[in-house]
Every structure is written in C-alpha cells, then in structure tokens.
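S.K.: Have a look at this prediction, sequence included:
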Amino acid sequence: MTSKRAVVTGIGVVTPLGNSLEVFWNNLIEGKSGVGPITRFDTKGYDSTIAAEVKDFNPKDFIDHKEARRMDRFTHFALAATAMAVENAGLDIDRINRERSAVILGTGVGGLQTLEDQHKVMLDKGPGRVSPLFIPMMIANMGAGQIAIKYGLRGCNVTTTSACASSTNAVGEAFRLIQRGQADVVISGGAEAPVTPLAVAGFCSMKALSTHNDDPAGASRPFDAGRDGFVIGEGSVILVLEEMEHALARGANILAEITGYGTSCDAYHITAPDPEGAGAALAMRMALQDAGIQPAGIDYINAHGTSTPLGDKLETVAIKEVFGRHAYKMAVSSTKSMTGHLLGAAGGLEAAVCVLSINRGIIPPTINLETPDPDCDLDYVPNTARKAEIAVALTNSFGFGGHNATLIFERFNLERTAAERVL
Amino acid sequence: MSAVFNRVKEIIVEQLGVEPEEVKLEASFVDDLGADSLDIVELIMALEEEFDLQIPDEDAEKIRKVGEVIKYIEERK
C-alpha cells in the first residue's frame, strides 16, 4: 500500500505576538519581542519575573460564557486557535466525513492554573469544596476533547505529552495517521498555559529561566553569548492537516506539504541534553530519511533554540553532525527569541513558522543576537528577517526527558517524488 | 421577589450562563436551564457557600427546580 500525502491547509494562532495569523507573522518578520513583565500573578520572591504572555485575549470571543467557565486557559487557547485555523483552511465542517476527522494535540502539562486554584480551595476550605469541574478542566487531553465536541469530530483523538516536544510529536503523529489512510483531516498542534505561580517557581528553582528581568525584550537571546535561560511563554498554534487528495478535491489553498517526521530519545538524563547531541541528531536524520531528502536539500531550520546555555550549544553540535558543511550554508533561526518558549505548544508554533516561511519566502530572524558565542557559529539570521526562496524547512523540538522530534515541510508540488529531491 | 431569590438567581446566571429572566421559580435546572450533573454539584456547592449551609446529597438529589431551592434555603435560614 502506498502511503498517502499530507498537506497543511490552515493555521490558527493565539500567541504572545498576536492572536491572528497576520499580526503574528508581521511581528515575527519585524523582529518584535512578545516578552514582558508577568501580569498573571504577583512575582514577588521569584528569580524570573518575565514571560511571553498572550495579550488582549478574551475566550468569550470564541466560546460561550458557560462553556468557557468549564475550561482551563490552555483549552481556551486551543479552541480559539482551532476556530481560526478551520476558518483559514476554508473547511466546511458540515461537508467532511467526521468519522475520518481527528484531533492530535500536544501539551506539556494541561490545566495547571486549574490544578493550583483547586488545590488552594482544598487546603483552605476542605475536600468537599473542590469543584466537580476540577478534573475535566485540568486533564491534559481536554483541549483535544473539547475541539472534538465543538466540531463533532469522531475520529482518532489523542494528546501527546513529551514536554517541549509535545506538539511536534502531535503534528508528526497526525502526519502518520494521514499517511496510513486513517484520516482525511487532522486538527493538530499544541496548547499550553504555564504562566502560573507554581510552574514558574518550579522552572526558577531549576535555574532554567532567564533572569534578565530589567530587559524583557532582550531576555530571550538564543545562540548569543549572553543567553542565560529561556523565557516562559503561553498560547496555542493549530494546523489543519489534510490528506492531499481530500484537499485538492475541495479546492483548498495548500500552504505546504509535510514530508518528514523523526522522533527519538536521548535516554540520558531527566533535564540535561546528551553531551554530544546524539538524540537530536538521530531525530533529524530520521526525518530526512523519512522525507527522502539529503541533508543538502534543507534550506531553513527553525531551531529549538530556547536560549539556554547548554541547549543552544548542543543543538548547534547536532546540526553540524547531521549536515556537515551544509550546516554553514543554510539558515537556522530561533523564533523563541521573539515568542518565548511555549513549552508543549512551541512545536506547533514553529511548524507554522516553517509553513509560512515556505509560503511567503521570508525567514524570521533570531533577535537579540548581538555577541557571538564561539560554540554557536551557524547562520542564525541575526536580528533582521531575510527574504529567501525556501523549498524545504525543518523544525526541531527537544523536551525534558530527552524527547526529540523533528518535522520537515516542503513547498507543495503535485509531482513531487522523493527521488527528485536527492541531490 | 425575596432577597434569597435574588442571590440564588445571581449564582445561577453566572454558573449556567443563562439570562436572568430565564431564572423563574418553575424553571427546571436540567430541562429549562441546560444544567448537567456537574453543574448541579457545582451549583449546590456555591449555594452552600453563599448561605453557609450544608445540603446533604439526599436533599440535593430532590431539588429539580429553582423554586425548590429557594424554599429549601428559606426553610433553613
């Protein structure tokens, strides 16, 4: 059985850089930062007091009052981004086979704010006051569940959890589902709402977060010598993936094709990356092989690039290991310099950036890249977006636990064969 | 309308997302106000808090209409 082809036909975003596709994209290519002081709670006593928060977001623009009360913030983001993605795809939900329509969403944790709120209720008022909605609001799979309920999508519905690789794995598994012929349409991507007192405290204790509190816009500085940790972010980016013939039959605007997925584990340490970047390199190699593309065929990498001292260095090592001399010829940028790190939603966002870069011929920059680090010596598209013909883009995501996931997107070409791509 | 009714109405409007004029004494929580089992439990908890009452499960199960809640609370105030 030959495998089916999967294309991206719609994108919806709720991000620190904007809650519509055009605002988000314009801010990205203008090199704007979405980072600011944390407004969601009092940060007294915290080492890191900054975050890339979603701004001007009212769930009631997308969800009715009663339903919104019964959802965590991460689910609000997921439903809003899905509504925009479905609209962007021009998908008429009444005309699709809902039994062949799936949802595969990634999230690192799920309803953290709900968990914290209800734990406080239990401590203050006793177990009898814990909300009956606590469990359904908190559980990590409820974003995917609520999307299915809203649109009546009765096919496969699962949630992938691999920390900061969660939504890259989600999109990869969605791709596989379509390849196997088991779905026509998959709503995929990720959602996360981790700007909460407990989560930020935990990341602070790990010394994982940037403490450039006096310069929020300059705090996320991937590959720069002055980087000192990531900036926590929140939001949801959703992609509509479709089986190619299904998209063509309804005359959809195909934004790009997804052609490769690789996923691996360092099997090394709970939080530190493999010191040789072996797991990351393995994921990239698996994705290249899956797509049938030689390393020299990649034009752009949207790096994981979180702005941690070790992570950026070892991603660079892994890229050089896989790509050899071509590593210095292609563009590698980290949009986390602008969006912050959306954790389990980061992979969905960065998959969307790859699709848009291909579609619009512009590579968003790595901002705040001012002082070179000798360990990070690739072309990171510093500070200014670059016009470029991007035929093939790759995105990496790595998560605590040693999870690695890589996706490859290509400009859509009906006549594509893997052999043509081998250079 | 009693003070109790107004306070109950406010809670119902907030939790069930209905219009104030829908909250009539004869309105059924499930059939008229669209509540499900989770809503009912949450509503009972909110009423217990608001009126500083304990409503045992066996009593809560008998309450189906807005008027029954008002009567139950007024009898115990």
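M.R.: Nice, thanks for sending it over.

S.K.: quick one, phi psi at the closest residue to chain B within the stretch 151-300 of chain A?
M.R.: Ranked by CB to the nearest CB, the top residue of the stretch 151-300 of chain A for proximity to chain B is A:Gly152, at 18.0 Å. Just so you know, the C-beta spots here come from the backbone N, C-alpha and C atoms, and that holds for glycine as well. Main-chain torsions, A:Gly152, degrees, to the nearest 10: phi 70, psi 30.

S.K.: What's the local residue count around it?
M.R.: The number of residues packed near A:Gly152 is 12, by other CB atoms under 10 Å in any protein chain shown.

S.K.: State whether it and A:Ile93 are indeed in contact, as I suppose.
M.R.: Yes - assessed by CB atoms under 8 Å, A:Gly152 is found in contact with A:Ile93 at 7.2 Å.

S.K.: picking that back up, counting neighbours, what do you get for the closest residue in space to the residue of the stretch 151-300 of chain A closest to chain B that isn't next to it in sequence?
M.R.: Spatially, and ignoring its direct neighbours in sequence, A:Gly152 is nearest to A:Arg98 (5.2 Å; CB to CB, 6 or more residues apart in numbering or on different chains). If you count neighbours by other CB under 10 Å, A:Arg98 ends up with 16.

S.K.: Next one: A:Arg98 from chain B, what distance?
M.R.: 23 Å (CB to the nearest CB, to the nearest Å).

S.K.: Which element, helix or strand, includes A:Ala405?
M.R.: Here A:Ala405 sits within strand A:403-410, counting by DSSP states H and E.

S.K.: And the residue of chain B closest to chain A?
M.R.: Closest point on chain B to chain A, by CB to the nearest CB, is B:Gly17, at 2.9 Å.

S.K.: And stretch A:323-340, end to end?
M.R.: Stretch A:323-340 has an end-to-end distance of 27 Å (criterion: CA to CA, to the nearest Å).

S.K.: Distance of the residue nearest to A:Gly152 relative to A:Ala148?
M.R.: A:Arg98 sits 9 Å away from A:Ala148, taking CB to CB, to the nearest Å as the criterion.

S.K.: what sits in contact with each of these two?
M.R.: Taking CB atoms under 8 Å, 6 or more residues apart in numbering or on different chains as the contact rule, A:Arg98 and A:Ala148 both touch A:Arg154.

S.K.: got a list of what the residue nearest to A:Gly152 touches?
M.R.: A:151-155.

S.K.: wait, doesn't A:Leu115 sit right on A:Met138?
M.R.: Yes - using CB under 8 Å, A:Leu115 is in contact with A:Met138, at 5.0 Å.

S.K.: For the stretch 1-150 of chain A, list the residues in contact with chain B, please.
M.R.: A:64-67, A:69-70, A:128-129, A:131-133, A:136 (CB under 8 Å from any CB of the partner chain).

S.K.: The residues you listed in helices, which ones?
M.R.: Mapping the residues of the stretch 1-150 of chain A next to chain B onto helices (DSSP state H) picks out A:65-67, A:69, A:136.

S.K.: Go through the residues you listed and say which is closest to chain B.
M.R.: Distances from chain B to these, taken by CB to the nearest CB, are shortest for A:Lys66, at 2.9 Å.

S.K.: Quick check: chain neighbours aside, which residue is closest to that closest one?
M.R.: Closest to A:Lys66 by CB to CB, 6+ apart is B:Gly17, at 2.9 Å.

S.K.: my guess is the one you found contacts A:Asp64, does it?
M.R.: Yes - using CB under 8 Å, B:Gly17 makes contact with A:Asp64 at a distance of 6.3 Å.

S.K.: Look at those two and report which has more neighbours.
M.R.: Neighbours were counted for B:Gly17 and for A:Asp64 using other CB under 10 Å; B:Gly17 has more, 17 against 10.

S.K.: who's in contact with that one?
M.R.: Contacts of B:Gly17 by CB under 8 Å, 6+ apart are A:64-67, A:69.

S.K.: Buried only: go through those for me.
M.R.: A:66-67, A:69 (16 or more other CB atoms under 10 Å in any protein chain shown).

S.K.: can you redo the contacts of B:Gly17 as a markdown table with distance to A:Val185 and pLDDT?
M.R.: Putting those into a markdown table (distance: CB to CB, whole Å; pLDDT from 0 to 100) gives the following:
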| residue | distance to A:Val185 | pLDDT |
| --- | --- | --- |
| A:Asp64 | 24 | 92 |
| A:His65 | 29 | 90 |
| A:Lys66 | 28 | 91 |
| A:Glu67 | 23 | 94 |
| A:Arg69 | 29 | 94 |
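
S.K.: Which strands border the helix or strand harbouring A:Thr9, and is each parallel or antiparallel?
M.R.: Using DSSP H and E, A:Thr9 falls within strand A:6-14. Applying DSSP bridges, strand A:6-14 is found paired with strand A:235-243 (antiparallel), strand A:256-265 (antiparallel).

S.K.: So what angle separates the directions of the last one and strand A:403-410?
M.R.: Going by axes from the mean of the first three to the mean of the last three CA atoms, to 10 degrees, strand A:256-265 is angled at 160 degrees with respect to strand A:403-410.

S.K.: After strand A:256-265, which helix or strand is next?
M.R.: Using DSSP H and E, the first helix or strand after strand A:256-265 is helix A:278-291.

S.K.: Next up, the contacts around A:Ile178.
M.R.: A:Ile178 makes contact with A:4-6, A:184, A:186, A:241-243 under the criterion CB under 8 Å, 6+ apart.

S.K.: Now it: phi and psi?
M.R.: According to degrees, to the nearest 10, A:Ile178 has phi -70, psi -40.

S.K.: Alongside chain A, which residues does chain B contribute?
M.R.: Counting by CB under 8 Å from any CB, the residues of chain B near chain A are B:15-18, B:34, B:38, B:41-42, B:45, B:49.

S.K.: how about 10 Å then?
M.R.: Taking CB under 10 Å from any CB of the partner chain as the contact definition, chain B meets chain A at B:13-18, B:33-46, B:48-49, B:54.
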